[in-house]
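>>> Build me a structure from this.
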Amino acid sequence: MLSRLHHRKPHENDVEAGEAHADSQNNAAGESSSASGNDMEGLSEYAALDRYVSTYREDAGKGADEEDDKAPKKRPWWKFWGLSHEDSRRRSLSPGDGIPEDWLNTDINAGINTADVEQRRKLTGWNELMAEKTNPIAQFIGYFRGPILYVMELAALLAAGLGDWIDFGVIVGILLLNAFVGFYQEKQAADVVASLKGDIAMRCTVVRDGQKTNILARELVLGDIVVIQEGDTVPADARLICDYDHPEDFTIYKRLLAEDKFGHHDSGDEDEKEEEDTRRGSVYYMMKHTNRPLLAVDQSAITGESLAVEKYMGDIVYYTTGCKRGKAYALVTATARQSFVGKTADLVQGANDQGHFKAVMNNIGTSLLVLVMFWIIAAWIGGFFRHIPVTVGAEQTLFRAALILMIIGVPVGLPVVTTTTLAVGAAYLAKQKAIVQKLTAIESLAGVDILCSDKTGTLTANKLSLRDPFVSEGQDVDWMMAVAALASSHNVKSLDPIDKVTVLALKRYPHAREILQQGWVTDKFTPFDPVSKRITAVCRLGDDTFTCAKGAPRAILKLTECAEPTASLYREKAQEFARRGFRSLGVAVKKNDEPWVLLGLLSMFDPPREDTAQTIIEAAQLGVPVKMLTGDAIAIAKETCKMLSLGTKVYNSEKLIHGGLSGSVQHDFVERADGFAEVFPEHKYAVVEMLQQRGHLTAMTGDGVNDAPSLKKADCGIAVEGSSEAAQAAADIVFLAPGLSTIVLAIKTSRQIFHRMKSYIQYRIALCLHLEIYLVLSMIILNETIRVELIVFIALFADLATVAVAYDNAYWDPRPVEWQLPKIWVISVILGILLAIGTWICRATMLLHSGGIIQNFGSVQEVLFLEVALTENWLIFVTRGGKTWPSWQLVGAIFGVDVLATLFCIFGWLSGRPVKTSPPGGYDQRDDGWTDVVTVVIIWLFSFGVTVVIAVVYFLLNKWSWLDNLGRKDRSHKDTKLENVLASLQKLSVEHEVDSKTGMDRFHLVEKIHEEEEDL
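Numbering: from 1, shown residues only. I've put the predicted structure just below:
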């Protein structure tokens, strides 16, 4: 019952056969022509292959059907209350709970009826792994939580207790404004990202109403019949039914299912030996050991197995694993949330990793709260000496002073502005074809100082072209090309780049095509595996059987027993191809029982992208060197590095793990290398881990299922264009555009976003310190303060103006950035002191007989209010730096607030009774609090002068090299002792044995290096 046709997709660990399969799915979708699809139905294997070669066009398929997929109906935003009935049922659902038995008895030819889909979906939900949908009202309430916001809410309660209803209303207004702006901006940005995520949605082929249709994988329900074939990602947990080419085996499947011969796989943790014992002697057991598997599935992301696992009739294939070969019908037994992977994801659902960004915000918030308490205590101590009452009895009370300090000392807009800045940045990156899956990834990307990049598809164009082959003496090139085509996958719908270029090369060799048209039949096809490093196909032509092989040059040479001169010339040609940057594949054939014949070498070239060399130079200028990790041979890797202006210190990955290096020496080796060749997924993980241990922030690109662990391990995992769903799920950022230029653009953009947040934080800390210093000293020295009604408007204006920071034109730093909290605090304290000095100078002039800054008439409260508002608003222009012009949004917001503050001053709004000073100033204080226009103009000029002085000081501070490096971490931290100890511990394992005499357990520390060497 062997199939006549098997399909091949190269294994992730293919070394010399290349890693060019990275975008095979993408290519297959974008390059399908008239030779695929319905035109192939009814044709024999080799007739279909010949049709594909004849009709293939490079630009075909670009106008492929882009049908609009039915999106789920969303609840209106205003229906925020509670969970829907289907949500509550779906949350409590476990596999097998409340599921009718007939749902899992679907016929493979008919499938389920479309009318039944909605009913089943109500029970299981959409087939997708995603975070719980946020309740809009709960999300809005979340903007009122946090240490900083709690203090502001306490201030509102205090204002209400003191009967200051205007203050209470304004404080509540500030809280609501921040919550609304944050909610709206984050939702807008999330909508942009969500709209583009549809471009990377998984699709699958399903049988419904007796027809095969292609739908989004999220639309699958329990009992659906899906077709899984080579190159597909398994769209849900499913039980294999039968081979696609042998639907008649469905009757065997039903009989074995009725006899309960398949066991229960869906738990994923059965004892295999016990299971096998129960099946021994059954029809299933005989079929499993006499018949071929239906599929080979890559389960490395789940089990860690590097080789594809063969799956037989009745076996469960798991959601998000990749199909390596075969084509079969399968029955959906569990959708995403109830799948094996889904249940594992639920275990870490509560682990809400806020990242380093959240820790920084908490650090700043806690520090500001401590400062507020310090200044309140200082104000109260001064108030006791001034005999200021605690609650009532005078306009100025200690509780009112505490209220003022709580309002000015806590930057209520800090969480909202920083979150909004990240969200707006994520929306911008999405428009640049970079989908940010975690907002904190933007901060990580801004600080990345090493990029580990794939070669194929990222540094190179992933467009293989076949160069002139080497043909062994006495052999025919047409026969060699025909054998190479025989030893390739013939599934034209999902050809990987290597097989595709091999098959399409037949256009240049018409005699080779004629050979293939002579009536060949494929009896057995064995795809590439990293052990044999070759692909073999057993084919029949008439009464003769030919075994065709294609693979790594050394692996093919070992098959043959050719003469030494022929072998020597063969090896020389393979080295020559490698030095020229060509990927070479050996070809050999064996007829019947005759010896293997070495036919020659195919040479393929994957050219670098046109922009790659320039992009690598730009990355180096940004302080992000690129390390190339490739599955190609070391000679090819070095030649590619030369083409791309990369360093040529490229080493074989075996030297990394099994080269006798360990501890500190091994870490030094990884740090200094420019790249590694012939890498497996475990090598990528090891490289990332060692770089992180040295203090480097590392970005990692990947595309395959096996890349998922290293993508998850990296500080910023990047799934490149055309990557598998498993890689996308593990990555922090998913790129929809090809090449390395997108990565460099994302780094620049993330650094701009980081600069916006950092400049705002410096600005906001300085504002808090400014008024805390001035008001407390004013209370102690002059026994006066700015009225609380005006203070709340100062806080409101600061938040109104700076929300526009998210849209500012920031510059990107030429080196990796980090928070440098000591530097931020030093600069912010200096700026806050300078602002307080400016306000004190303004107040001191009003004690002069001439009236100082007041020319004709004015209110002390309103003059101080305007000076404070102007200098604080303009400070953002200082902290943002002068390398770019501010955006019109920022200028407009600040100008609007300044005009409003000026109107307050001119018309004396909320000025209260005139302030009596000692000595009295030489100016008139009107009862209505008005201020003359000339005084207002002078206040504007004075505030501008204060801002200029602060700008000069800020510029000089940033030129101070000691301060510029204050708080900057060592990106190449070396702890030799610790690294050596950890390396030694990794060589040990615990061995357990039971004492035969006493029956007691014994544990021994043993070296495991010998065991590992045996496994090599």
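>>> Next, count neighbours for the nearest residue to residue 746 once chain neighbours are set aside.
Nearest residue to residue 746, sequence neighbours excluded (CB to CB, 6 or more residues apart in numbering): residue 434, at 4.8 Å. Yep, even glycine has a C-beta here, placed from its N, CA and C like the rest. By other CB atoms under 10 Å, 25 other residues sit near residue 434.
>>> correct me, but residue 434 touches residue 735?
Yes - counting by CB atoms under 8 Å, residue 434 touches residue 735, with 5.5 Å between them.
>>> Now do the shared contacts for the two.
742, 746 (CB atoms under 8 Å, 6 or more residues apart in numbering).
>>> Can you pull up the most central residue in this structure?
residue 732 (1.2 Å; CA atoms, centre = their mean).
>>> Please verify my assumption that that residue contacts residue 439.
No - counting by CB under 8 Å, residue 732 does not reach residue 439; the two are 9.8 Å apart.
>>> Quick check: mean pLDDT of stretch 599-619?
Confidence for stretch 599-619, expressed as mean pLDDT, is 87.
>>> Could you look up the next helix or strand downstream of the host helix or strand of residue 423?
For residue 423, the element it lies in under DSSP states H and E is helix 414-431. Heading C-terminal from helix 414-431, the first helix or strand you meet, by DSSP H and E, is strand 434-436.
>>> Work out the sheet partners of that following strand and label each with its direction, please.
Here strand 434-436 has these sheet partners by DSSP bridges: strand 733-735 (antiparallel).
>>> Find the residue ranges of the stretch 801-950 of the chain scoring beneath the pLDDT cut-off.
Filtered on pLDDT under 70, the stretch 801-950 of the chain yields the residue ranges 917-922.
>>> Spell out, range by range, the strands that occur in it.
In the stretch 801-950 of the chain, no strands are found when defined by DSSP state E, counting those that start in this stretch.
>>> How about the stretch 151-300 of the chain?
Using DSSP E, counting those that start in this stretch, strands in the stretch 151-300 of the chain cover 203-208, 211-216, 225-229, 237-243, 295-298.
>>> closest to residue 640 out of these?
Distance to residue 640, taken as CB to CB, is lowest for strand 295-298 among these, at 26.1 Å.
>>> Report the buried residues of the closest one.
For strand 295-298, burial by neighbour count (16 or more other CB atoms under 10 Å) applies to 295, 296, 297, 298.
>>> With adjacent residues omitted, what lies nearest to the last one?
Read it as residue 298. residue 322 (4.3 Å).
>>> Local confidence estimate at the nearest residue to residue 994 once chain neighbours are set aside?
What sits nearest to residue 994 in space, not counting adjacent residues and going by CB to CB, 6+ apart, is residue 1001, at 6.0 Å. pLDDT for residue 1001: 76.
>>> again, but for residue 498
According to the prediction, residue 498 has pLDDT 81.
>>> Please state the offset of the helix or strand hosting it from the chain centre?
If you go by DSSP H and E, residue 498 is part of helix 497-504. How far helix 497-504 lies from its chain's middle: 32 Å, per CA atoms, centre = their mean, to the nearest Å.
>>> With stretch 373-388 instead?
On CA atoms, centre = their mean, the centre of stretch 373-388 falls 51 Å from that of its chain.
>>> residues of it that come out buried?
For stretch 373-388, burial by neighbour count (16+ other CB under 10 Å) applies to 375, 376, 378, 379, 380, 382, 383, 388.
>>> among these, which one has the lowest pLDDT?
residue 388 (83).
>>> Mind giving me the packing neighbours of the one helix or strand residue 384 maps to?
Using DSSP H and E, residue 384 falls within helix 355-385. Helix 355-385 is packed against helix 147-161, helix 398-409, helix 414-431, helix 440-447, helix 741-781, helix 821-845, with contacts defined by 3 or more CB pairs under 8 Å, 6 or more residues apart in numbering; DSSP states H and E.
>>> Show me what the shortest one is packed against.
Just to be clear, that refers to helix 440-447. By 3+ CB pairs under 8 Å, 6+ apart, helix 440-447 packs against helix 355-385, helix 414-431, strand 716-719, helix 741-781.
>>> out of the ones you listed, nearest to residue 853?
If we rank the helices and strands packed on helix 440-447 by CB to CB, the stretch that ends up nearest is helix 741-781, at 15.5 Å.
>>> Okay, angle between that closest one and helix 355-385 too, please.
On the basis of axes from the mean of the first three to the mean of the last three CA atoms, to 10 degrees, helix 741-781 is oriented at 10 degrees to helix 355-385.
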